[in-house]
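>>> What would the 3D arrangement of this be:
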Amino acid sequence: MSVVDKLKGISRRDLFRLTGQFGLTSTLFAAGAMGGAVSLSSLARATESMYERRFSKEPKHTLKFGASGFNARNLLIERNGSIEFARDLEERTEGEIRVEFIGDNQICTQLSCVEKTQLGIVDIYAASTQNSAGGAPYLNVLDYAYMFPSRASQFYFLYNPASQRILRDPLEKRHGLKFLFSHAELRGIQLGLKFEDAPTVTKLEELFGTKNRVTGTQLGRIAMQLLNLNPVPIAWEETLDGLKQGLIDGAETWASAVAYANMSPVVSQSVDLKFFCGTEHTSMSAKIFDAMEPHLQDAIMESAYFAQAVAQKANEAALVNTVGFSDPQLPGTLFVEHNVRPAFLADDQIKIAEEMCSPEFNPEPWEQWRERLNNWAEGIDTYQEIYNVAREIPADMRPENVEPRRWWRSV
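Okay, here's the model as predicted:
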């Protein structure tokens, strides 16, 4: 049972009262650890117990975790592993590290969390790599069109030691960020209510000419322009209003983002275009990490590995059981409740899109950014190397079957 189902009988006001008394972190830790449906009284007892346990001794380090817009209700719709990481890190270090989890855009947003981590306002943050690319442009390295053929290939790369060399080390060197772990989905076009009465999209050409919100990723804009999807830069926090008011036809994002951000009521079709990464990642300040004692550095990495495995398994389950991004859809899911139809395009339509916009078939529009990213990575052919790693597994491998690996170890 997801946290969403667990908390259905508890009002937002009561949740605010609990988090006000014991803090968001203790409330989230308690809710996530409880099984079955949760009453207000049982959650209050568990939260108080969690609070007392967490504050039973003084920590050596307190880390501020800027969790952008995540909160007690939406954190386990999109299972990005961040709360599991924080809870596991406190337990693994026996309280030497305490994590102050600050969500609901109270300290930073999808666009600003990266910069506030670089400035030392927060120590750890969770946001999409695409929204964070404005402050850390090397994160564009994940956004070449059709570099990843599946969610399984994304997880495989994140676990692979090659990700240390191609993604993590250049990011740390250039932007001072230690990439810890990420959820993994592939972006599509989330069509607004203008398409409520239209047939479910089956052909790529039906999307041509639509006007769609784009994130902070520069490479994502290239793909959208090549697919005639008219990218319009809109902050994530303003996308809901943009769809509601009909200012845009749709938004490029992924299915669980629609669900967790309460966009389901204004989305009619979730078109699985799969054209580039949707990665809600967690990074921390490399400066803060480097200042930690060696045993605490080891603990951070082990908790990141644990959280990566949680995100892998849990988000795959939530897509089907909570979001409703499947065919057929399960009753009681958010997409069914709000009449959102998944549109899974046939392989031949995905191939048309790939041939229109990917660097493999249409390299010229990507050359400037590819050269820039390659230089930042000290000469690595970033696109080709990630492309090759992503195809080391069978094309039909299920994401949940990818073997977890400690990526910072070469063997």
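>>> Checking my notes, Tyr125 in a strand, right?
Yes. Under DSSP: H, G, I helix; E, B strand; the rest coil, Tyr125 falls within a strand.
>>> ok, the closest residue in space to it that isn't next to it in sequence - contacts?
Spatially, and ignoring its direct neighbours in sequence, Tyr125 is nearest to Cys113 (3.7 Å; C-beta to C-beta, 6 or more residues apart in numbering). C-betas here are computed from N, CA, C, even on glycine. By C-beta atoms under 8 Å, 6 or more residues apart in numbering, the residues touching Cys113 are Gly66, Ser68, Val122, Tyr125, Ala126, Ala127, Ser132.
>>> Could you verify my assumption that the third one touches Lys64?
Yes. If you go by C-beta atoms under 8 Å, Val122 and Lys64 touch, sitting 4.5 Å apart.
>>> Spit out the residues that contact those two alike.
Ile102, Ile107.
>>> ok, back up a step: can you add distance to Ile97, neighbour count and pLDDT and give the contacts of Cys113 back as CSV?
Shown next, in CSV, are the contacts of Cys113 (distance: C-beta to C-beta, whole Å; neighbours: other C-beta atoms under 10 Å; pLDDT from 0 to 100):
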residue, distance to Ile97, neighbour count, pLDDT
Gly66, 16, 26, 97
Ser68, 21, 27, 96
Val122, 15, 25, 98
Tyr125, 16, 30, 98
Ala126, 17, 31, 97
Ala127, 21, 30, 97
Ser132, 23, 29, 97
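>>> mind checking the longest helix of the protein?
As assigned by DSSP state H, the longest helix anywhere in the chain is helix 294-318.
>>> got the buried residues for the helix or strand just after that one?
Tracing the chain C-terminally past helix 294-318 and defining elements by DSSP states H and E, one meets helix 334-337 next. Under the neighbour-count criterion of 16 or more other C-beta atoms under 10 Å, helix 334-337 has Leu334, Phe335, Val336 buried.
>>> show me what contacts the closest residue to the second one other than its chain neighbours?
Spelled out, it's Phe335. Leaving aside its sequence neighbours, Phe335 sits nearest to Gly324 (C-beta to C-beta, 6+ apart; 3.1 Å). The contact partners of Gly324, by C-beta under 8 Å, 6+ apart, come to Ala259, Leu330, Thr333, Leu334, Phe335, Val336, Glu337, Val340, Pro342.
>>> quick one: Trp407 and Leu167, what's the gap?
Distance of Trp407 to Leu167, computed by C-beta to C-beta, to the nearest Å: 9 Å.
>>> Good, wrapping up.
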